[in-house]
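Novice: I'll drop the sequence and a predicted model, then ask my questions.
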Amino acid sequence: MVLLELNDVTSGYGKMVVLEKISMYVNDGEIVSLLGPNGAGKTTLLNTIFGLADVFEGEIKFNGLSIRGKSPDKIASMGIGYSPQQQNIFPNFTVEENLMLGAYLRRDKEVRKDMEEIFEIFPEIERRRRNLAKTLSGGERQMLAVARALMLKPKLLLCDEPTAGLAPKAASALAKKIKEIRERGTTIIMVEQNAKIALNISDRTYILSGGRIIAQDFSANFLMKKDLEQLYFK
Ligand SMILES: Nc1ncnc2c1ncn2[C@@H]1O[C@H](COP(=O)(O)OP(=O)(O)OP(=O)(O)O)[C@@H](O)[C@H]1O
Ligand SMILES: [Mg+2]
């Protein structure tokens, strides 16, 4: 079943067009990765899905419903979570407080219980639950950013460069968590600088360059191609 679908979407900021004629889909249960050079428009694509960019043309459907033009709060309440590339945690709040803030749209009584479940995926930050977020390591901060986005129990998680700036060990630890999140039932779109990690954990991959999708395939097929970097510029 297709969970998210973009048809010929052109979007950007104000009057500036960044993405042109983007068509893509994400099936329920998939991990889809977005790769491409700096400035390709990867973050803008996530912003476009989440209602943080201006859509000039095209249609965006989530669960069969149009989400084009809806506010980020509305889109979040429909089941999309966003762990952004920058400013993704509140440094002067504790780990627990950050997670509770992540649940800001929820009115049910399960929030605490869900936090404990999320800590099962991220025991590294559970140990630090009463510490200020600014005292966490880089890897722990990225975990907190992803954990915070999960607090709204999204059907679809948008994850922008979760392994950015991490040493190889921390990066592969985080990649494992992404897989575990999917195994627990969340569909994921992940932007990555590290093509190898992305191709290894995702089912399918779209490559963006200059605001357009220049290639798409099963990740396993991209992995068999020799020079990954060359893919970006072909
Ligand atoms: N808020 C904004 N307002 C205006 N232009 C923006 C804004 N954010 C990004 N851009 C522009 O849109 C283009 C795509 O940027 P975007 O951040 O989407 O790329 P990216 O692929 O995520 O890059 P990176 O790998 O460096 O994170 C760039 O030319 C950038 O300058
Ligand atoms: Mg980006």
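Specialist: Right, received. Where do you want to start? Remember, predicted model here, so these are calculated numbers, not experimental data. Ligands and ions are numbered 1, 2, ... in the order given.
Novice: ok, and what's touching stretch 10-24?
Specialist: Under the criterion Cβ atoms under 8 Å, 6 or more residues apart in numbering, residues 5-9, 32, 41, 44-45, 48, 53-58, 206, 211-213, 216 lie in contact with stretch 10-24. For every residue, glycine as well, the C-beta is placed using N, CA and C.
Novice: Next, the contact list for V95, please.
Specialist: Neighbour list for V95: 125, 128-131, 133, 136, 144 [criterion: Cβ under 8 Å, 6+ apart].
Novice: Quick one: buried ones out of these?
Specialist: Buried subset of the contacts of V95 (neighbour count, 16 or more other Cβ atoms under 10 Å): 125, 128, 133, 136, 144.
Novice: what pairs with D160 across the strands?
Specialist: Per DSSP bridges, the residues bridged to D160 are V191.
Novice: confidence score at it?
Specialist: With respect to pLDDT, D160 scores 96.
Novice: Please tell me I have it right and it contacts L46.
Specialist: Yes - at 5.5 Å, D160 counts as touching L46 under the criterion of Cβ atoms under 8 Å.
Novice: Show residues contacting the helix ranked longest in the chain.
Specialist: Longest helix in the chain, counting residues (DSSP state H): helix 168-183. Taking contacts as Cβ under 8 Å, 6+ apart, the residues outside helix 168-183 that touch it are 29-31, 121-122, 137-139, 142-143, 146, 150, 157, 159, 162-163, 166, 188, 190, 194, 197, 200-201.
Novice: What's the ChimeraX line that selects buried ones from those?
Specialist: Listed next is the ChimeraX selection for buried residues among those, using 16+ other Cβ under 10 Å:
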select :30,31,121,122,139,142,143,146,150,157,159,162,163,166,188,190,194,197,201
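Novice: Which ones among the contacts of helix 168-183 map onto strands?
Specialist: Judged by DSSP state E, strands contain the following of those: 31, 157, 159, 188, 190.
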